[in-house]
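**Student:** Could you work out the structure for the sequence below:
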Amino acid sequence: MIAVVIPCYRVKTRILDVLSGIGPECPAIFVVDDACPEGTGDHVEAECRDPRVKVLRHAKNQGVGAATLTGYAAALDAGAAIVVKLDGDGQMDPAWIPRLARPIQDGEADYVKGNRFFELDGLDSMPLIRVLGNSLLSFASKLSSGYWNVFDPTNGFTAIHAAVARRLPFAKISKGWFFESDMLFRLGILRAVVCEVPMPAIYSDESSNLVVRRVLAEFTGKHVVNTVKRIFYSYYLRNFNIASIEILAGGMFLGFGTWFGATQWIAGYRANVPATSGTVMVAALPVIVGVQLVLAFLSYDLQNVPRDILHRRLEPASPRPSRPAQPPKPPKPAE
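**Tutor:** Alright, predicted model coming up:
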């Protein structure tokens with residue numbers, strides 16, 4: 001069963017159109033009213049006649065991540081095999097839900113995201129600031145999650161296998177706008193397989209509830225923390241290999257070269273004495289070696305993207321059918 005989760009905040013004018021576009025392949029739809037000041041949940045209950053729709057409510061606004069996790073929990077309790085997360089602002093076409101769920105149904109992925117950047121012609125409708133911002137966020141997300149194959153990390157049109165969703169630490173996942181990026185980090189720790197499905201970018205006159213200047217510092221800090229955690233978990237706690245040595249030694253060489261070069265330059269500037277060639281080499285050589293080691297680590301990390309489907313190992317094995325009892329062979333006739 002495919003269940004759809006729609007977190008709602010200030011989407012009253014669009015939510016009914018979104019609900020009407022969800023096809024019969026989804027027998028359960030959970031609308032999560034995150035203390036919406038427009039009363040989106042009440043509006044859905046009053047105007048929507050679709051028996052598949054159930055409205056859930058937060059007494060206080062907790063963020064898009066918290067609303068999504070509330071919907072996840074309800075979908076898992078309802079017995080969903082795949083849970084699709086769809087925003088209620090009309091930027092995602094519900095007709096794409098079967099395509100989003102197909103890689104999971106075919107056993108090719110554990111988590112699927114839409115990719116609005118695959119078709120370059122479709123980017124004409126996307127604001128330039130979003131294109132540039134997503135490029136920077138994409139690189140930061142690749143570092144913090146390890147999914148170098150994912151280019152649209154902030155896309156909220158996603159599908160997840162229920163067995164994988166049950167393994168997520170709901171209490172630890174970011175409840176605000178960082179939710180999508182933090183989901184990738186958590187899935188990377190589980191070694192779940194993530195893929196993207198090309199989808200069109202839909203933008204009209206809707207206004208986003210996300211204010212970039214407010215979340216920029218938050219996103220930067222959390223990406224840095226998740227990057228450090230991922231490297232520690234993946235290359236020191238769970239495993240130790242050549243990449244573990246490369247990133248550690250590379251960081252030490254870079255740090256020493258940068259520190260030594262900076263201190264010597266400052267001292268020479270104050271004394272009005274140019275640095276000697278030996279001093280320059282002592283500073284430059286560790287930096288060169290450090291950069292090479294870090295590049296070697298990144299090359300290894302690029303090849304370390306999860307490829308073994310996780311939900312196959314989490315689902316209980318189907319019992320092997322017992323062989324039917326064979327009738328006893330008749331005794332051989334006496335010679």
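**Student:** residues touching residue 164, list them.
**Tutor:** Contacts of residue 164 were listed using Cβ atoms under 8 Å, 6 or more residues apart in numbering, and they are 110, 111, 187, 190, 192, 310, 311, 314. Where C-beta positions appear, they are placed from N, C-alpha and C, glycine not excepted.
**Student:** now the helices for the protein?
**Tutor:** All helices of the chain, identified by DSSP state H, fall at 15-20, 40-47, 64-77, 97-105, 128-145, 162-165, 179-190, 212-232, 242-271, 277-302, 311-314.
**Student:** Let's have the ones you listed in JSON lines, adding distance to residue 86 and mean pLDDT.
**Tutor:** Below are these laid out as JSON lines (distance: least, Cβ to Cβ, whole Å; pLDDT from 0 to 100):
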{"stretch": "helix 15-20", "distance to residue 86": "7", "mean pLDDT": "94"}
{"stretch": "helix 40-47", "distance to residue 86": "14", "mean pLDDT": "94"}
{"stretch": "helix 64-77", "distance to residue 86": "10", "mean pLDDT": "96"}
{"stretch": "helix 97-105", "distance to residue 86": "7", "mean pLDDT": "96"}
{"stretch": "helix 128-145", "distance to residue 86": "19", "mean pLDDT": "81"}
{"stretch": "helix 162-165", "distance to residue 86": "15", "mean pLDDT": "96"}
{"stretch": "helix 179-190", "distance to residue 86": "13", "mean pLDDT": "95"}
{"stretch": "helix 212-232", "distance to residue 86": "22", "mean pLDDT": "86"}
{"stretch": "helix 242-271", "distance to residue 86": "37", "mean pLDDT": "94"}
{"stretch": "helix 277-302", "distance to residue 86": "31", "mean pLDDT": "95"}
{"stretch": "helix 311-314", "distance to residue 86": "21", "mean pLDDT": "90"}
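**Student:** Need those helices in JSON lines (columns: distance to residue 199).
**Tutor:** As requested, the helices of the chain are arranged in JSON lines below (distance: least, Cβ to Cβ, whole Å):
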{"stretch": "helix 15-20", "distance to residue 199": "15"}
{"stretch": "helix 40-47", "distance to residue 199": "24"}
{"stretch": "helix 64-77", "distance to residue 199": "18"}
{"stretch": "helix 97-105", "distance to residue 199": "8"}
{"stretch": "helix 128-145", "distance to residue 199": "14"}
{"stretch": "helix 162-165", "distance to residue 199": "21"}
{"stretch": "helix 179-190", "distance to residue 199": "15"}
{"stretch": "helix 212-232", "distance to residue 199": "23"}
{"stretch": "helix 242-271", "distance to residue 199": "34"}
{"stretch": "helix 277-302", "distance to residue 199": "25"}
{"stretch": "helix 311-314", "distance to residue 199": "23"}
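**Student:** According to the record, where do the domains of the protein fall?
**Tutor:** 2-214, 240-305 (automatic domain parsing).
**Student:** any idea which of these is most buried?
**Tutor:** domain 2-214 (a mean of 19; mean count of other Cβ atoms under 10 Å).
**Student:** so how far is it off the chain centroid?
**Tutor:** On the basis of Cα atoms, centre = their mean, to the nearest Å, domain 2-214 sits 10 Å off its chain's mean C-alpha point.
**Student:** Check the spacing between the closest residue in space to residue 110 that isn't next to it in sequence and residue 295 real quick.
**Tutor:** Excluding its sequence neighbours, the residue lying closest to residue 110 (Cβ to Cβ, 6 or more residues apart in numbering) is residue 192, at 3.9 Å. Residue 192 sits 27 Å away from residue 295, going by Cβ to Cβ, to the nearest Å.
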